[in-house]
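K.L.:
Take a look and give me a structure for this.
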Amino acid sequence: MPGSTRTSRSFPSIQLPAQDGGGPVEVTLIAQLGIGAGDALVSDASQRQRHHPAFIDALDEPSARLGGMHLQHGDASSLYSFVVGAGGHPFHRHAGPRMFTAIAGSAGAELRFASASDGQLADDPAHFLRSLRRVRIPPDCLFTVRFGGGTWHQFASNSPAHPALFALSCHSNELAGAMSEQARAQAQANAADIPSLTDVLPAAHWPTATTLAATPLLQLSLQAAAPSLRARLCAQTRTLLGPLRRFSLQPLRGFVERATPAYPVCSSAVPTQGLLASALQHSHYNDTTTLALHGGQTRHRSASALLADILDGFLRNPPAGVGRLMALRNRLVAPLRLRTSPLGCPVSSLLSTDRSRVFGGRFPVLDAQVDAEDRCAEVLLGADDRHLRFRSSVRVQFNEDGQVEISLGSRVQTLNAFGRFYMAMIDSAHRHYVAPALLRRAVEHALAPELAAWSGEPAHS
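P.N.:
Residues are numbered from 1 along each chain as shown. I've put the predicted structure just below:
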């Protein structure tokens, strides 16, 4: 029987009837991507997914949990990524509803859905095939899918040489639907994954290639009707060129950048009291950079706690520009057998392996002091080298007017002519860029706890 074609000026879509108690299946095409873009995107996303801390490879559906539930805020949703390769995956279902947005590979994909319930399968195994419907997605296409809990489904590529799809799936309620006690306990512990939420169709009900081909097929397309010559030529071109776009000469990288707030900093006199004042009595170089905050800018209630977070910021949120300068400096001085470090010199001793004295339980320091009310805290850092000795102070002071002063000071004693030449060369850059940048980024880290999640760890609580 010849097919029929319906034209749409919006998003081509279909809706399949639901099984008892479940939601219907809805598939919608959103946009046609460039030739070969599907294979390229699936390949790139698949590699990135494999490096995610929550990556799991099971049921022919590699996946990663990108975000978990926040039940303390009444949010039981979760976010996953998953990939379906050329071979597809077995028919399976989930207890709860599913919504996902996907990119089809450069050969397109076939989505298969069946609404048979357990009772219907027990009464009549053939009911599965009678309820089965196939939806064909064009190559290199952005599309969305939505279906209710308990819907059997299987996704596969239209060609064994191409992946089927990459998807971002939103589980609107991770705890919805009927699931095993073990799966529910895992979900309630906010430790679910796609395999633990999946129920695979018994092999006895799997359709053969012959019976599958005899089931109803709906084809969605953009720009040209699926049966047309134009659509077939386009599909063949995408299938041919798709694999070529999978290869990239660029390394697999990603970046997270946050613009540092313009915290006001100023140069100030070297303190006459405190740890730095008594360090290196015969210093040849002195500088202090101070950053001022008003009380409402920090959640910290003690100087020592804020100081510990600032020291952590020096390690975990260093300025990229300072890092590049240190890399250049390390190369230039390597032949002279001078001390090297990836951190800016004022705080480089935070990477020391000497644990004879630590602050906050983990930061190596030369000395530390906290006043009785914990309104002022200071640590002394530093190291000795062939050409100079340096000492640095990081100090936090809570003032009576509510202002918080954070300072980074340095004193240097040169040991020879090269040391004096070295300090003359770096003096201006250190005072006007290195010290202010280090201090700003460290304070930014201390005041923004969300920076701790920048490592790519899955978000859950």
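K.L.:
distance of S196 from Q188?
P.N.:
From S196 across to Q188, the span is 12 Å (CB to CB, to the nearest Å). For every residue, glycine as well, the C-beta is placed using N, CA and C.
K.L.:
the more surrounded of those two?
P.N.:
Taking other CB atoms under 10 Å, S196 and Q188 do not tie; S196 has more neighbours (17 against 14).
K.L.:
In this protein, what helix or strand scores lowest on average pLDDT?
P.N.:
None of the helices or strands of the chain scores lower by mean pLDDT, DSSP states H and E than helix 229-241, at a mean of 74.
K.L.:
Which parts of that helix count as buried, going by neighbours?
P.N.:
A231, C234, A235, R238, T239 (16 or more other CB atoms under 10 Å).
K.L.:
Okay, and the beta partners of V200?
P.N.:
Assessed by DSSP bridges, V200 has beta-bridge partners H92.
K.L.:
pLDDT weak spots in the stretch 151-300 of the chain?
P.N.:
241-242, 244-246, 249, 255-261, 295 (pLDDT under 70).
K.L.:
quick one, helices of the stretch 201-350 of the chain?
P.N.:
Along the stretch 201-350 of the chain, the segments classed as helices by DSSP state H, counting those that start in this stretch run 209-213, 229-241, 303-316, 320-333.
K.L.:
what's the second one in contact with?
P.N.:
Just to be clear, that refers to helix 229-241. For helix 229-241, contacts defined as CB atoms under 8 Å, 6 or more residues apart in numbering pick out 35-36, 38, 106-108, 138-140, 159, 161-162, 221, 223-225.
K.L.:
For that helix, C-alpha coordinates in CSV please.
P.N.:
Listed next in CSV are the C-alpha coordinates belonging to helix 229-241 (Å, rounded to 0.1, in the frame of the first residue of the first chain):
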residue,chain,number,x,y,z
LEU,A,229,14.9,11.4,-4.7
ARG,A,230,16.3,14.5,-3.0
ALA,A,231,16.1,13.0,0.4
ARG,A,232,17.7,9.7,-0.7
LEU,A,233,20.6,11.6,-2.4
CYS,A,234,21.1,13.7,0.8
ALA,A,235,21.1,10.6,3.0
GLN,A,236,23.6,8.9,0.8
THR,A,237,25.9,11.9,0.8
ARG,A,238,25.7,12.2,4.6
THR,A,239,26.4,8.5,5.0
LEU,A,240,29.4,8.7,2.8
LEU,A,241,31.0,11.8,4.3
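K.L.:
Run the chain-centre distance for it.
P.N.:
35 Å (CA atoms, centre = their mean, to the nearest Å).
K.L.:
now do the shortest one
P.N.:
Between the mean C-alpha point of helix 209-213 and the mean C-alpha point of its chain there is a distance of 41 Å (CA atoms, centre = their mean).
K.L.:
Next, the buried residues of that helix.
P.N.:
Buried residues in helix 209-213 (16+ other CB under 10 Å): L212.
K.L.:
With stretch 63-83 instead?
P.N.:
Buried residues in stretch 63-83 (16+ other CB under 10 Å): 63-69, 76, 78-83.
K.L.:
gap between the two ends of it?
P.N.:
Criterion CA to CA, to the nearest Å; first-to-last residue distance in stretch 63-83 is 6 Å.
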